[in-house]
Structures are given as C-alpha cells and as structure tokens.
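Asks: Predicted model and sequence below, questions to follow.
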Amino acid sequence: MAEPAIDVRDVSRSFGDQRVLIGVSMQVFPGQIVGLVGPSGAGKTTLVRLIAGADTSPNGEVQVAGHPMPALSVLDRVGYMAQSDALYLELSGAQNMRFFGSLYGMRSRELVERIATLSEMVGLAADIDRPAVQYSEGMKRRLSLAIALLHRPPILLLDEPTVSIDPVLRASIWERLRDYAADNTAILVTTHVMDEAEKCDLVAMLREGRILRIASPSDLKAESGGDNMEQAFLHFVSAA
C-alpha cells in the first residue's frame, strides 16, 4: 500500500487556555479526497495550518510526503489555499499567478498555459487582467484556488475553497478536483457545507477539536441511519 501523503498522529494544539485540537489523528493517501467537516470553531483551519507548516504543535507529529512538518523541502509539493486570501491586491489576477509561479520555478511557456487553463476553470478568464483589488470576495477565492493549483502539486490543502462561489461553478470545481484525485493527487479539503462532504472519498467529522469519526459518506450515513451527511453528523455529535 502507498505511504500516506499526509499523516497526522495524536496532534493537540492550544492557544493559552483554549484547547483547539485534542488528540487528532488522520491520514490522506494519494488519489484520495478527504473532507474535514465541522462547524466554525471546530479546529479545521488550525489543523490545516499545522499540516501546511504554517503552525507547529508541541504534541504529536505531522508528516507530509514523509517529512515532519514544518519542512521547507516539501513546500513545492503542496498547493495550499488558506482561509484568508493571500493576494497582492495592486496586481492583476494574471500578475499574481505569474508571481507565485515564479516562486515555484515554473518556466514561462508552462506558466502562460497554466494561467490560461486555470483562469478558465475558475471562471476568471474575462477578468484575469483586472487588478485584484477590484475583485469581489468570491473572485478572490477563485484566484486563490487557481494559485494553489498552479504548479500541479501532488498534495492539495484547501481551506473552504468554495466559499462565496456560485453553485454552478462550485460543481465544476469539484469535478476538476475529482480529476486531480484520479491523477493520484492527495486532497484535504475543509468545509462546513455537508453536501460537499458527499463528494469526498472519506469524511473526517471534527467537533470541539476532536475527530468524532472518519469513514466514507455512505458508511457514515449507514452507521447513523441518516439520509444525508447533516443527519449523520448530528448523530455522531449526540453519540460523542
């Protein structure tokens, strides 16, 4: 069996007296989409930041591509879309993409092709040369997603990637994520929208810093007796 692309082992994280993560363990393998679901404040973003190497924990271990995090040597293998957009607003969408592409050492021809492909994918082709300061919040999210995908990373960390994105484009983006997974990309995506959880191979249910259950959407619904992921989540919350 392949080694996990993401391996989180018994990780806890506190900020002062507030315990944000408590004994969290999970894995994401190449070719999988794993959804991390839970309400706001459940600890989803903190966990993604630990996996991305943007934060550290004194407890447990986080490995990405076989390396303990944080590790600069693996960052070019990770596409990270944070919850807060990290864009240069005075630059156009295309200029933002060229800047981040240059950080990954992408060649000019490849970068031009990827900008064209991804701007079309996220619905920004007509606006890619406008300054990002003129973008709506949804457009900024779409640009951040395009940047995360830019260098074809084998590992994707996507924190609420479809917030403020219309349903038609959201469905198209999920189709593309499935294509990436079919190409052996390991994908961890956070969401609080339960219908998106249905699109994942596995779902990790997180509440108050603890993982309640990790299983496929069909198994979670069968075990809970629920008709949908929201009912399943409520079942496991009440059983915790």
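Replies: Looks like it arrived, so ask away.
Asks: Quick one: low-confidence residue ranges for the protein.
Replies: Residue ranges of the chain with pLDDT under 70: 1, 240.
Asks: could you pull out the helices for it?
Replies: Here the chain has its helices, by DSSP state H, at 44-52, 93-103, 108-121, 137-149, 167-182, 194-197, 217-224, 229-239.
Asks: Name the residues that touch the fourth one?
Replies: Just to be clear, that refers to helix 137-149. With Cβ atoms under 8 Å, 6 or more residues apart in numbering as the test, helix 137-149 has contacts from 79-82, 85-87, 93, 96-97, 100, 115, 118-119, 121-124, 127, 132, 135, 156-158, 161-166, 169, 173, 180. The way it works is simple: take the backbone N, C-alpha and C, and place the C-beta from them, glycine included.
Asks: residue contacts, the spatially most central residue of the chain?
Replies: Nearest to the geometric centre of the chain sits Leu158, at 1.6 Å (Cα atoms, centre = their mean). Neighbouring residues of Leu158 by Cβ under 8 Å, 6+ apart: Gly79, Met81, Leu145, Ala148, Ile187, Leu188, Val189, Thr190.
Asks: Excluding its own residues, what touches stretch 172-183? List them.
Replies: 31-33, 121-122, 145, 149, 156, 161-162, 165, 187, 189, 196, 199, 201.
Asks: Stretch 3-16 now?
Replies: Residues outside stretch 3-16 that contact it (Cβ under 8 Å, 6+ apart) are 19-30, 43, 46-47, 50-51, 55, 57, 59-66, 154-155, 186, 188, 209.
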